[in-house]
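1. Everything below, folded, please.
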Amino acid sequence: MKKVQTFILPLLGIAAVIMIYVFYFSPAKRPGTFDEIDKDAHVQKEVKVRILQNEGIDRNSSPEKAYFNVLDAKGVRARVAINKADLPLNIDKANLITIIGHFHGQIFDAVEIIVH
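-> Numbers count the residues shown, from 1 in each chain. Here you go, the predicted model:
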């Protein structure tokens, strides 16, 4: 019985360390890349990116759309367009967002934005 206890306790410790790593330090909290998105397809894809707050959000160029710039994990820059009605209220303070949509030429046409 003593041998079983000395074997199980280290296993529980190792399992706890693995769970902390997976849930706390997981790559899901880091930006993704635009490499996974086919620019010729109109399939909705999601990618986690950094919003470039220092460049601002352009709400005046179009009566229906808002535009802003983002960076992916590889430093690839993209311009994002979204309907003003779908723009989250707290996007002005966001750093990391998930954009869901597709490329339309050089602009990523987002249908939804999730703020992290």
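2. Show me where this protein has its strands.
-> 45-51, 65-71, 77-83, 96-104, 107-115 (DSSP state E).
3. Just send these back as TSV, with mean neighbour count too.
-> For glycine as for every other residue, the C-beta is placed from the backbone atoms N, C-alpha and C. Output for the strands of the chain, formatted as TSV (neighbours: other CB atoms under 10 Å):
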stretch	mean neighbour count
strand 45-51	20
strand 65-71	19
strand 77-83	17
strand 96-104	18
strand 107-115	17
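4. where does this protein have low pLDDT?
-> 1, 4, 24-29 (pLDDT under 70).
5. try 90
-> 1-32, 35-42, 105, 116 (pLDDT under 90).
6. Specify the beta-bridge partners of the spatially most central residue of it.
-> When CA atoms, centre = their mean is applied to the chain, the residue found nearest the centroid is residue 48 (1.6 Å). Beta bridges link residue 48 to residue 98 when assigned by DSSP bridges.
7. That one and residue 113 touch, don't they?
-> No - in this structure residue 48 lies outside contact range of residue 113 using CB atoms under 8 Å: 10.9 Å.
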